[in-house]
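Undergrad: Here's my sequence, what's the structure:
(one chain, ligands or ions: 1)
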Amino acid sequence: MAQLLDGKAVAKILKEEIREEIVQWKEKGIQPKLAVILVGDDPASVVYARSKQKVSESLGMAFELFALPGSTPEADVLAQIEKLNEDQSVHGIMIELPLPKGISKEKIMAAVRPDKDVDGVHPINRGYILSGEEGLFPATPQSCIELLLRSGVQIAGKHTVIVGRGETVGKPLVFLILKHNATVTICHSKTPDLGAFTRQADILIAAVGRAKLIKKDMVKPGAIVVDAGINETPEGICGDVDFEAVQEAADLISPVPGGVGSLTTALIMRNVLKGIVLQGGKL
Ligand SMILES: Nc1nc(=O)c2c([nH]1)NC[C@@H]1CN(c3ccc(C(=O)N[C@@H](CCC(=O)O)C(=O)O)cc3)C=[N+]21
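TA: Next comes the predicted model:
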């Protein structure tokens, strides 16, 4: 029977570190601040924006929400981003996705100053993650890494199989895991005989967005299983892993909820603090 990779416990420690660092920045006369732009009223985005506000405020980080009507022209969204790019009191900017029709996601993502791009979506940051340079990287792949390392799992030398090649989790995760000296195999929804690959994993990370895709017979006994999936099903939110069955084979497994997702908001906050350094701040 597997032990849990406890996202809530790790999140608590991470948040404590972030809270302490915010105190240090304040002592230097800097009040860390996150700005979130929400265009329209996508219900999930509204919930995520509120959650970021709550966590920001609980950690002593300043927060401002810019809620724009869904009918806002692209030029006005770009003008709002430009204002925040130039605003010295703002250290992190994120635009909630999806954007309404008529607004180019690519243009918006390229408009945020790379050193304030706490979602890690600017083309420059997507390049830095490939080259291994310092930059701002997406929160969820960082959550997978932190959950493993802070649970005492050694990543170096392990055969890590990533199932999923999305722009926000799978792809960036490949490079973060490589940086930690794992050997990486990338699979996805169109990989024939997926199980033949996943059974070779010392560390199996699922980020495909298919409820309970990973079954017990696809996991090597003793493997470490990280579930980055969030799927809404009639039975509620569930991950990409068939948790009940897979926990019988794995040594360690992350639940959904209570796993990877529990760290995600905290890692956005940590990106804001990294942004301050990239913007020239020194502790
Ligand atoms: N426009 C937009 N903004 C986002 O911020 C955004 C997004 N889209 N798409 C998906 C990702 C993922 N993400 C999570 C944030 C917190 C938890 C989280 O706190 N999860 C808890 C459960 C929370 C609860 O039960 O309410 C857990 O897994 O333990 C999970 C996932 C934000 N994202």
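Undergrad: For the residue in the stretch 51-200 of the chain positioned nearest to the ligand, give me its contacts.
TA: The nearest approach of the stretch 51-200 of the chain to the ligand comes at E96, 3.7 Å away (C-beta to the nearest ligand atom). Glycine gets a C-beta too; all of them are placed from N, C-alpha and C. Residues near E96 by C-beta atoms under 8 Å, 6 or more residues apart in numbering: V36, I37, L38, V39, D42, S45, Y48, A49.
Undergrad: which ones among those residues are found in strands?
TA: Those of the contacts of E96 mapping onto strands are V36, I37, L38, V39, per DSSP state E.
Undergrad: tell me the centre residue of the chain?
TA: Centroid-nearest residue in the chain, with C-alpha atoms, centre = their mean: T140, separated by 1.8 Å.
Undergrad: What is the neighbour count of the closest residue in space to S56 that isn't next to it in sequence?
TA: Using C-beta to C-beta, 6 or more residues apart in numbering and skipping residues adjacent in sequence, the residue nearest S56 is F63, 3.8 Å away. Neighbourhood size, F63 [other C-beta atoms under 10 Å]: 20.
Undergrad: Confirm F63 sits in a strand?
TA: Yes: F63: assigned to a strand according to DSSP: H, G, I helix; E, B strand; the rest coil.
Undergrad: Distance of it relative to R113?
TA: According to C-beta to C-beta, to the nearest Å, F63 and R113 sit 18 Å apart.
Undergrad: same question, H188
TA: Separation of H188 from R113 (C-beta to C-beta): 32 Å.
Undergrad: Neighbour count: the two, which is higher?
TA: Taking neighbours as other C-beta under 10 Å, H188 and R113 compare with R113 leading, 18 against 14.
Undergrad: pretty sure the more buried one is touching V90, no?
TA: No: taking contacts as C-beta atoms under 8 Å, R113 lies outside contact range of V90: 9.7 Å.
Undergrad: give the contact list for the closest residue in space to N85 that isn't next to it in sequence.
TA: Distances taken as C-beta to C-beta, 6+ apart place R113 nearest to N85, at 4.5 Å, with adjacent residues excluded. Residues counted as contacts of R113 (C-beta under 8 Å, 6+ apart) are N85, I93, H122.
Undergrad: same deal with I103?
TA: Contact partners of I103, counting by C-beta under 8 Å, 6+ apart, are V39, T72, E74, V77.
Undergrad: Next step: the residues you listed restricted to strands.
TA: Under the assignment DSSP E, the contacts of I103 contribute V39 to strands.
Undergrad: Among the contacts of I103, which one has the most neighbours?
TA: Neighbour max across the contacts of I103 (other C-beta under 10 Å) = V39, 25 neighbours.
Undergrad: If we ignore the residues flanking it in sequence, what's nearest that one?
TA: Of all residues not flanking V39 in the chain, L68 sits nearest, at 4.8 Å (C-beta to C-beta, 6+ apart).
Undergrad: what pLDDT does the one you found get?
TA: We have a pLDDT of 98 for L68.
Undergrad: thought it was touching D41?
TA: No: in this structure L68 lies outside contact range of D41 using C-beta under 8 Å: 10.3 Å.
Undergrad: I'd guess E232 is in a strand, am I close?
TA: Yes: assessed by three-state DSSP, E232 belongs to a strand.
Undergrad: Okay, and the beta partners of it?
TA: Per DSSP bridges, the residues bridged to E232 are I237.
Undergrad: Phi, psi for the closest residue to N181 other than its chain neighbours please.
TA: Leaving aside its sequence neighbours, N181 sits nearest to A156 (C-beta to C-beta, 6+ apart; 4.0 Å). The phi/psi pair for A156 (degrees, to the nearest 10) reads phi -50, psi 130.
Undergrad: Good, we can wrap up now.
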